[in-house]
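Chemist: Predicted model, plus sequence, below.
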Amino acid sequence: MSVRNRTLGVYRYEHTEPLFDRRVTIDGVDTHLDTSPLISDVFRRMALGELDIAEFGLTYFLRTFDTRESPFLALPIFPNRNFRHSALFVNVDSGIERPEDLAGRTVGEFALYGSDPGVWMKGVLADEYGVRPEQIDWVVGGTDHPIPSFDWIPQPVPDGVRVRHTEGDQTLGAMLEAGEIDALLSVDVPQRLLDGSTQRIRRLFVDYEAVERDYYRRTGIFPMMHVVAIRRELAAEPGLVASVYRAFDEAKRIVQDHYRTNASKQHMAVITPWFSELFAENRTLLGEDWWPYGLDANRKAVDTFLRYHHEQGLSRRLLTSDDIFVPALLNT
């Protein structure tokens, strides 16, 4: 394989750090690594054709498939995951006590209608609580800082769903605290809730950890937010996608092995008290590879997100794994 000078964009997570510090390299590729404090900037650069391979929000990636032909294919590498019941916040005076109470209310959503956490939680609300997106009035914007509409990615809104963007210097966190919206679905925790300066905002699922652990026990789904995408014309280069996949998997394995090895010393290098107990509990629930790459271990979660994306009117057709992933990695 003779591949040179590829630009790869990815956030600097602990499980991608070995790529940045060169403990792990991509075989046969002279890689320039690019990152940003705002992961959406990496998405934007990929959407605009400035990167060859990049971490890409799953919904941002899927929206390109409603163009004539998506310029991208995915590798079954999932750098960002999170359970998202914890992403729902309510105004304490709204009267919202249960998920079912969201019907008929005004709810903010961070960044765009159909954000990655938004797709997951709208799907969960519909599947498990009978609350559908068209039953809610949606306001899109920034949680603590105003953000403009992302004009570099398609933003479909299906018929029957009411969506508006915040105006001027409005922020969803301030609107929630003031009661101008009833609830908020956000990847960012409102800052005033974090710093304890408001009593007017709380999570909808107060004991969200227990709810999320129960969700995993019942479904086996650890929701992925992002995927690694490659420009379609590069996906056929001999050995390239396999080398990229191996490098990401090796970087992640190094970090997982570090935590496994240090369990015997109660993770003395970690600043968080009682971390070892949390690690042991997570290991029991999630298994030895608690952050799996490859399609086999993730197919159910991927298929669920693809279904949600279609049901919510964000994909015109129901996509499959065969449609979106590089063929050479379908059996991983």
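Modeler: Perfect, I can see it now.
Chemist: Show residues contacting the helix or strand where Phe43 lies.
Modeler: Element membership of Phe43, judged by DSSP states H and E, is helix 39-47. With contacts defined as CB atoms under 8 Å, 6 or more residues apart in numbering, helix 39-47 is touched by 9-11, 34-36, 51, 54-57, 60, 64, 72, 80, 111, 150, 152-153, 226, 229. Every C-beta, even on glycine, is put in place using the N, C-alpha and C of the backbone.
Chemist: Figure out how far that helix is from the centre of its chain.
Modeler: Distance of helix 39-47 from the chain centroid (CA atoms, centre = their mean, to the nearest Å) equals 14 Å.
Chemist: pull the CA atoms of the helix with the most length in the chain into PDB?
Modeler: In the chain, taking DSSP state H as the definition, the longest helix is helix 240-262. Taking Å, rounded to 0.1, in the frame of the first residue of the first chain, the C-alpha atoms of helix 240-262 are listed here in PDB:
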ATOM      1  CA  LEU A 240      -6.400   2.100   3.800                       C
ATOM      2  CA  VAL A 241      -9.700   1.500   5.700                       C
ATOM      3  CA  ALA A 242      -8.300  -1.600   7.400                       C
ATOM      4  CA  SER A 243      -5.200   0.400   8.600                       C
ATOM      5  CA  VAL A 244      -7.400   3.200   9.900                       C
ATOM      6  CA  TYR A 245      -9.600   0.700  11.700                       C
ATOM      7  CA  ARG A 246      -6.700  -1.100  13.300                       C
ATOM      8  CA  ALA A 247      -5.100   2.100  14.500                       C
ATOM      9  CA  PHE A 248      -8.300   3.400  16.200                       C
ATOM     10  CA  ASP A 249      -8.900   0.000  17.700                       C
ATOM     11  CA  GLU A 250      -5.300  -0.300  19.000                       C
ATOM     12  CA  ALA A 251      -5.400   3.200  20.500                       C
ATOM     13  CA  LYS A 252      -8.600   2.300  22.300                       C
ATOM     14  CA  ARG A 253      -7.200  -1.000  23.500                       C
ATOM     15  CA  ILE A 254      -4.100   0.700  25.000                       C
ATOM     16  CA  VAL A 255      -6.400   2.900  27.200                       C
ATOM     17  CA  GLN A 256      -8.700   0.000  28.200                       C
ATOM     18  CA  ASP A 257      -5.600  -2.100  29.100                       C
ATOM     19  CA  HIS A 258      -4.400   0.800  31.200                       C
ATOM     20  CA  TYR A 259      -7.600   0.800  33.300                       C
ATOM     21  CA  ARG A 260      -7.600  -3.000  33.600                       C
ATOM     22  CA  THR A 261      -4.000  -3.200  34.700                       C
ATOM     23  CA  ASN A 262      -4.400  -0.400  37.300                       C
END
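Chemist: Give the buried residues for it.
Modeler: Using 16 or more other CB atoms under 10 Å as the test for burial, helix 240-262 gives 240-245, 247-249, 251-253, 255, 259, 262.
Chemist: Rounded mean pLDDT for it, please.
Modeler: Mean pLDDT, helix 240-262: 97.
Chemist: and the angle for the helix or strand that it is followed by with helix 240-262?
Modeler: In the C-terminal direction, the helix or strand that comes right after helix 240-262 (DSSP H and E) is helix 275-286. Between the axis of helix 275-286 and that of helix 240-262 there is an angle of 130 degrees, by axes from the mean of the first three to the mean of the last three CA atoms, to 10 degrees.
Chemist: Quick one: distance of the next helix or strand along the chain from helix 275-286 to the chain centre.
Modeler: The C-terminal neighbour of helix 275-286 among helices and strands, as given by DSSP H and E, is helix 299-311. Relative to its chain's centre, helix 299-311 lies at 13 Å (CA atoms, centre = their mean).
Chemist: quick one: contacts of helix 299-311?
Modeler: Identification of contacts with helix 299-311 by CB under 8 Å, 6+ apart yields 58-59, 62, 76, 114, 119-120, 122-123, 126, 219-224, 295, 315-321, 324.
Chemist: go with 7 Å
Modeler: Outside helix 299-311, the residues within contact range by CB atoms under 7 Å, 6 or more residues apart in numbering are 58-59, 62, 119-120, 122-123, 220-224, 315, 317-321.
Chemist: Could you tell me which of these belong to helices?
Modeler: Using DSSP H, the contacts of helix 299-311 in helices are Leu58, Thr59, Leu62, Val119, Trp120, Lys122, Gly123, Ser321.
Chemist: Just send the residues you listed back as a markdown table, with distance to Ala178 too.
Modeler: Putting the ones in helices among the contacts of helix 299-311 into a markdown table (distance: CB to CB, whole Å) gives the following:
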| residue | distance to Ala178 |
| --- | --- |
| Leu58 | 32 |
| Thr59 | 29 |
| Leu62 | 34 |
| Val119 | 27 |
| Trp120 | 27 |
| Lys122 | 24 |
| Gly123 | 29 |
| Ser321 | 44 |
